[in-house]
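J.: heads up, no residue letters with this:
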């Protein structure tokens, strides 16, 4: 089984981290192909960055279809271009926010999300509502540090602290980490906090494996059918 | 990995069918243990049957913990006793309605459910709402035949016909089969209908495998912590 | 009119308290029959306890039908087995959470719930949502003391204090007491707090009297029709 | 106990019918005082009629407080002026739409409403949503005949026919009659249809009796406190 | 274009302020006619005041139709009588709460409301829900001062302070001022706070201009059709 | 006042039609600048087309800021890139779906949408939910003809027919036209149908005029603040 994991931003160190996490959870029969677009934002910290990252994501999906991919993971917590990607793909496509929230609803009756910048909380909240997770998600929290600062000790300390606040105040049984760049943190955080801490990259890889294992691909009836053919001007021709 | 698949009713032929389906999708490393309670209803066709089936389900979970199970599937579309079972279990516990609906939301933007008896539609609708699937589930349909008649040709014809109606009228991109006894039907139905047809037994097995693979168990903080110890009178002592 | 008030746990001192409260509000023509199952948990403090208590509740309903009961009250704030009980009963069946919330919505535009253990808040919140009370219920609060400690002075003090917090912080006009064991408290609390404080046991008794007085029983069309006959193995035969 | 039942329109024949129904269900200790405003619309068939009827309703509540009423029923299915009336009243005030919907949710898991004019369906739907009954109310239906034509045979036939359609198409277990002028119909309709048919006038009387019996009045903390004193110009001085 | 701006209370100083604000934003071709009823409450601070103010509002709409008005603004934040007014009017009718919330949803993804008396928060919250603004409105706040005290320095200070709290705590991008008497404040508050502060009077005037400019009037099909003719007794004859 | 109206697809005949409609409703002081991206899809008929059109839309917004635009209209019924565009813009940005739905909620209590291809209904439904219009929008209908066929007589006939069906079946008081290419139809359809028929292009132009007239721009606090500066690789550098 070949699963393509797409980091929608262009920061290759983050792509590598995401790839390492994806491989660490994948089954032995699964081949993880990790990539990021050659163009687009170095980090995704708002609606605008996200909108521009979509072109690169779709480009990777289109190539992936030619390469015979069985499924895809979009590894940014805003799940950029998810439905558009599903139009292009025969197999399943999962976003990491989607996968993490669904996983959290399987092991708890309520979770909180801890994300990076405060301004991205709205994006996470919109996804919560779109995925039907409104009653499961008790709060979206932010540590208010930029995505590319996640490697620092300060960031890890801030995340741990915010998780502790969530446990005390939010009546939650699980934590969802709200950024692909936090993919390496759940094991340690789970141990320190004593509750499930869920990273979407690994969750999405396992759920895509599950769907492919079930023989389930994206529905090609209705709005997720392949795009109707039409003329495209300029750079997308 | 050991996954216990519990058929909550006492009809062993259905247990065998469910077991066969579970094994057919499980990974080679996964050991499927299938069972049904020794007591309880022969079929679950309403709130009452479901409530009584829960005792047997919980009994199987309790034993499963002693047997070192890594996860559980509750293989009746009403997901009887799901949250109570989660209190008892260290690993993940999934209901087949829950698993099927989540899978459907991964491969389509809207699905319809086709179940057996008309009177169980309300139960399915309550689960739809509880799982946050209200906007994804376009309609709950019933063929109005008892659970134990599913083996007949008439039942299969009725299911196919109801799926066709769903496709025409409900603007849906996937079908969820609303009964554990339909677990053997999705492949053929998918081919005939040209859309994903999802059985919860196989979906739940794969999602439990995924969660165990992620190292995720049921949260033991909050309402899903192990039951507080207390005296129990009579048969549950 | 004969109304059976079922305490779903097996603590007879609580059963007696519930009975006393039920009799104190019942009309002179109403005969209150109070009981608890002979088997099951001494207190209900989670999904698991609740699931196991249901068997005893249904047993009492079944007997009640033979005894010519006109209606029933399920006197635990989780309303265990409510819909299953309705399948068995000709007359109306009310849960005390249901009755208390509806009463609160009749005399205020928003209420808060004060319950015992923190872990049961989720159960109360699920009922709030299922009964359509999401916008009316401003907060579910817990004093974090076990059900069987309710008789102590500490518990009463903690309840009063939590009600005061609700009044200050929740913009609520009424308090719903979230445990059958608090049934004797509303009069005193109402006087101290100056707002309606509602106990579900008394509310449910009066609403069952009202429904019986209207000639209304449980609908026997659809999902609340009598259970379909089928074979039952083992202890429920 | 003295309960004032207010018909918000000025058609005295309807007031009499409503009074007769109210008395027929009231307890022997309850005194029913029925009335209608001396001014306002002969029938309430829209937002405008309803808005103007409110002044008369509030006038009757104000007088009722002086007359020592223990509770009130607003006997028009739009529940005109309900929250304003509650500000004026010490005891409970119930609308007949409110009472009927809550009663229906006690004896079924889903109901349909059958009302008079098509244009009033929106008013009923708004109440459904405001009372948290969105998931319980499966459909609002209209026979498209004016309120004052309810006495005719045609109207009764149309109502019966619409109820039959509801049973066939709406997956409902109970019918709520959507007009005070239908208060005399439920017994006969229930027998013909075999399901609970609920009239709000009688339901509201019994629920007010229940609340008064519980010692519950309207909360005087928050938005339902007595109106703040202020100068009123002109006719309401 | 002639737009009638109706202050539903009888305090002429507030009417004048509202008129000045309306004129200051109106296009040069728009004629603003400002008025208040000759009867009714001096301020609207609850459900009761609001219900009584409706008669005067509708009276002004009725006259306005004779005077050839193109549209209307109801300038009290409870939007009293909005749907009833729409039945009477050929052109569009907007409430200031409605206009302000919609405007806020155009320039932010979330807003908070700052209103006067605490008891009116419930009224604002009901409108939020009725207008579909539940997810956009993060909090309804009150300064707990009466409407007629808005002219004082204390009130302005309290409003500014409450807006600051909203910015810090509510994750909001805009403020909606919850009272017609605050119509003169947004410019200064916007500058001090650095976010859009929205007054409903000016927003409603501009949106009515927009609708009239589009040739859109109130739908005369369905529940907003002109009232059906019927006899009216007493003062509304 | 300068308003840029952006047709997100690259079909210049549609851009011209949209421009003509925009100019026909704009105030005399308003200058309408109409444009379409130089690259991207000829029509937008799904999630994929929409996602790719966003880059061109954002490019036009960026240029617009340099050109001193006061506000923007995104003239495709999927409102592609709306929130991303708001991040870039100082003034208000409106989508035509958003504007049309809000306008419809001002002049009716319920509307239906008539769009082109069946597969785009899901997109419209998602917007309905995101804008809080779930209760206002009674149905999303499609004539199942491609966007670029709208000029044909067949398309106009199909639209009229679908509107008639909406009127008969959906209990709606207004129609929203679900495609920028239908911008020239509302006047004629309104006359034929006797209800408000609303085109989003003209509605959006008037609402942007209104917002600019109020001095309201997009909030620059929170998620709609200008994008954080970061490196961009490749074509978006």
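T.: Ah, there it is. Please read these numbers as outputs of a predicted model, since none were measured by experiment. Numbering: from 1, shown residues only, chains lettered A, B, ... in the order given.
J.: near chain B, anything from stretch A:191-204?
T.: Yes. Stretch A:191-204 lies within reach of chain B by CB under 8 Å from any CB of the partner chain, at A:194-196, A:198, A:202-203. No exception for glycine: its C-beta is placed from N, CA and C like everyone else's.
J.: next one: stretch A:128-142
T.: Yes. Counting by CB under 8 Å from any CB, chain B has neighbours in stretch A:128-142: A:131-136.
J.: How about stretch A:11-18?
T.: No. Using CB under 8 Å from any CB, stretch A:11-18 stays clear of chain B, coming no nearer than 15.3 Å.
J.: where does chain A have low pLDDT?
T.: A:236-237 (pLDDT under 70).
J.: what about the strands in it?
T.: Taking DSSP state E as the test, the strands found in chain A are A:2-6, A:31-35, A:40-41, A:71-74, A:93-95, A:111-115, A:137-142, A:174-177, A:197-198, A:232-233.
J.: want to throw the ones you listed into TSV with mean neighbour count?
T.: Putting these into TSV (neighbours: other CB atoms under 10 Å in any protein chain shown) gives the following:
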stretch	mean neighbour count
strand A:2-6	25
strand A:31-35	18
strand A:40-41	26
strand A:71-74	30
strand A:93-95	30
strand A:111-115	28
strand A:137-142	20
strand A:174-177	31
strand A:197-198	28
strand A:232-233	17
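J.: out of those strands, nearest to residue C:221?
T.: strand A:137-142 (37.6 Å; CB to CB).
J.: Parallel or antiparallel, which strands does the closest one pair with?
T.: strand A:111-115 (parallel) (DSSP bridges).
J.: which other residues reach the partner strand?
T.: The contact list for strand A:111-115, computed with CB atoms under 8 Å, 6 or more residues apart in numbering or on different chains, reads A:77, A:101, A:104-105, A:121, A:124, A:128, A:136-143, A:159, A:162-163, A:166, A:170, A:172-179, A:198.
J.: right, so of the strands of chain A, which gets closest to residue F:19?
T.: strand A:232-233 (18.4 Å).
J.: With chain F in mind, check whether the closest one reaches it.
T.: Yes. Under the criterion of CB under 8 Å from any CB, chain F is reached by strand A:232-233 at A:232-233.
J.: for that strand, packing partners?
T.: strand F:40-41 (3 or more CB pairs under 8 Å, 6 or more residues apart in numbering or on different chains; DSSP states H and E).
J.: got the contact list for the strand it packs on?
T.: A:230-234, A:236, F:8-10, F:49, F:52-53, F:55-56.
J.: With stretch A:168-175 instead?
T.: By CB under 8 Å, 6+ apart, stretch A:168-175 touches A:104, A:107-114, A:138-139, A:163, A:166-167, A:189, A:193, A:195-198, B:219, B:221-224, C:118, C:121-122.
J.: which of the residues in that stretch are buried?
T.: Buried residues in stretch A:168-175, counted by 16 or more other CB atoms under 10 Å in any protein chain shown: A:170-175.
J.: Among those, which pair sits farthest apart?
T.: A:171 and A:175 (12.8 Å).
J.: Would you agree residue A:75 is in contact with residue A:5?
T.: Yes. Using CB atoms under 8 Å, residue A:75 is in contact with residue A:5, at 5.5 Å.
J.: any shared contact partners between the two?
T.: What both residue A:75 and residue A:5 touch, as defined by CB under 8 Å, 6+ apart, is the set A:18, A:22, A:201, A:204.
J.: which one of those is nearest chain D?
T.: residue A:204 (31.7 Å; CB to the nearest CB).
J.: Contacts only, for the closest one.
T.: So residue A:204 contacts A:5, A:73-75, A:94-96, A:98-100 (CB under 8 Å, 6+ apart).
J.: Kindly recompute the last result at 7 Å.
T.: A:73, A:94-96, A:99 (CB atoms under 7 Å, 6 or more residues apart in numbering or on different chains).
J.: Those: which ones sit near chain B?
T.: residue A:94 (CB under 7 Å from any CB of the partner chain).
J.: of all the contacts of residue A:204, which comes closest to chain C?
T.: Distances from chain C to the contacts of residue A:204, taken by CB to the nearest CB, are shortest for residue A:99, at 23.4 Å.
J.: How many residues are close by that closest one?
T.: 29 (other CB atoms under 10 Å in any protein chain shown).
J.: isn't it right up against residue A:207?
T.: Yes. Assessed by CB atoms under 7 Å, residue A:99 is found in contact with residue A:207 at 5.1 Å.
J.: near chain F, which residues of chain A?
T.: A:10, A:38-43, A:45-49, A:51-52, A:54-55, A:58, A:81, A:83-84, A:87-88, A:119, A:122-123, A:222-223, A:225, A:227-228, A:230-236.
J.: again, only this time at 6 Å
T.: Within chain A, the positions adjacent to chain F are A:10, A:38-43, A:45-48, A:51-52, A:54-55, A:81, A:83-84, A:87, A:119, A:122, A:222-223, A:227-228, A:230-236 by CB under 6 Å from any CB of the partner chain.
J.: ok, of those residues, which come out buried?
T.: In the residues of chain A next to chain F, the ones that pass as buried (16+ other CB under 10 Å) are A:10, A:39-43, A:45-48, A:51-52, A:54-55, A:81, A:83-84, A:87, A:119, A:122, A:222-223, A:227-228, A:230, A:232-233, A:236.
J.: and chain A, which of its residues are near chain B?
T.: A:92, A:102, A:106-109, A:132-133, A:173-174, A:195-196, A:202, A:206-207, A:210, A:213-214, A:216, A:218-219, A:221-223.
J.: Helices - which of the residues you listed land there?
T.: A:102, A:106-107, A:202, A:206-207, A:210, A:213 (DSSP state H).
J.: Tell me which two of those residues sit farthest apart.
T.: A:107 and A:213 (20.2 Å).
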